[in-house]
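J.: sequence plus predicted model, see below.
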Amino acid sequence: MGIVVKWGRERLHFPLPPPNSKIGQLRHEIAEYTQLPEQSFKLIHAGAVMKDDSAPVSAYGIKAGSTIALVGGGEPLPHAPSKASSGRKDREPRTEQSTIHQIRTELDKVRSTLRPDVESFLHALTPTATQAQINPSNAASAPLPKPVSTDTGRSMSLGADMEQEHLRLGELLLQSLLRLDAINAEGEWEDARRERKGAVKEVQGLLDRLDGGWRGRLRS
């Protein structure tokens, strides 16, 4: 059993590299397969951005069956407007607190918009079992999320509509991971780095739940 690299809508399968193999070698193999420049994308596993190409794959806990998210691929990263387009006022200098606020704002968007959609999607896949998995302590008292519906108002069927919703949610979560990774936490900003790491881990966990529920539906 190898590893899976999730790249947008694609799920690419690669052999499991040896534990002492370098991240740079894995990046090279992925770049050759996808025809992407090696430094144009980032690899994320279990909420951690694998930036150190000289580190062994074992340092990031990669094992058989692991899923690695590929984000970037040459698309321009979000950037701040230039002085010419930002009006007469100069932009305020970045601080650790403003960086933390930026991270929390991105995470709040995921929690308020994407997480409810993911939980509704999972509930539509398994109406009885998924609710207990989402919140086992409150499964008996919490109201069930509404099933995802089509434009006709009917519950989404386990077909093309569900597949499109899975792709939509997966792409939006990957975009959020890319935006979080683009937030630069300066070297001495320990709190900002901790906030970003926690946010990436939470969004990656939501993406893993989404993909896990979809794979479970395909096996059933």
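T.: Structure's in. What do you need?

J.: what about the chain, any weak spots by pLDDT?
T.: Applying pLDDT under 70 to the chain flags the ranges 1, 73-92, 127-159, 218-220.

J.: which residues of the chain fall in strands?
T.: 3-7, 10-14, 41-45, 48-49, 67-72 (DSSP state E).

J.: next, format these as JSON lines and append mean neighbour count and distance to residue 95.
T.: Just so you know, the C-beta spots here come from the backbone N, C-alpha and C atoms, and that holds for glycine as well. Supplementary listing: those in JSON lines, determined by neighbours: other CB atoms under 10 Å; distance: least, CB to CB, whole Å:
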{"stretch": "strand 3-7", "mean neighbour count": "20", "distance to residue 95": "34"}
{"stretch": "strand 10-14", "mean neighbour count": "12", "distance to residue 95": "39"}
{"stretch": "strand 41-45", "mean neighbour count": "21", "distance to residue 95": "25"}
{"stretch": "strand 48-49", "mean neighbour count": "17", "distance to residue 95": "22"}
{"stretch": "strand 67-72", "mean neighbour count": "22", "distance to residue 95": "26"}
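
J.: possible to save those strands as JSON lines with distance to residue 114?
T.: Listed next are the strands of the chain as JSON lines, based on distance: least, CB to CB, whole Å:
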{"stretch": "strand 3-7", "distance to residue 114": "16"}
{"stretch": "strand 10-14", "distance to residue 114": "20"}
{"stretch": "strand 41-45", "distance to residue 114": "16"}
{"stretch": "strand 48-49", "distance to residue 114": "20"}
{"stretch": "strand 67-72", "distance to residue 114": "15"}
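
J.: nearest to residue 93, out of these?
T.: Evaluated over the strands of the chain, closeness to residue 93 peaks at strand 48-49, with 25.0 Å, by CB to CB.

J.: ok, that closest one: who's next to it in the sheet?
T.: Using DSSP bridges, the strands paired with strand 48-49 are strand 41-45 (antiparallel).

J.: give me the angle between the partner strand and strand 3-7.
T.: Strand 41-45 runs at 130 degrees relative to strand 3-7, counting by axes from the mean of the first three to the mean of the last three CA atoms, to 10 degrees.

J.: give me the distance from strand 41-45 to the chain's centre.
T.: 10 Å (CA atoms, centre = their mean, to the nearest Å).

J.: angle of it against strand 67-72?
T.: Calculated by the same axes, to 10 degrees, strand 41-45 forms an angle of 160 degrees with strand 67-72.

J.: what does strand 41-45 contact?
T.: 5, 23, 26-27, 30-31, 34, 49-51, 60-62, 66-74, 177-178, 181, 200, 204 (CB atoms under 8 Å, 6 or more residues apart in numbering).

J.: stretch 195-202 too?
T.: By CB under 8 Å, 6+ apart, stretch 195-202 touches 44, 46-49, 100, 103-104, 106-107, 110, 177, 180-181, 183, 185.

J.: re earlier: of the contacts of strand 41-45, grab the buried ones for ChimeraX.
T.: With 16 or more other CB atoms under 10 Å as the criterion, this ChimeraX line picks the buried residues out of those:
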select :5,23,26,27,30,31,34,49,50,60,62,66,67,68,69,70,71,72,177,178,181,200,204
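
J.: for residue 56, which of the strands of the chain is the nearest?
T.: Once the strands of the chain are compared by CB to CB, strand 41-45 is nearest, at 13.1 Å.

J.: of all the contacts of stretch 195-202, which two lie farthest apart?
T.: 46 and 100 (22.4 Å).

J.: done for today, thanks.
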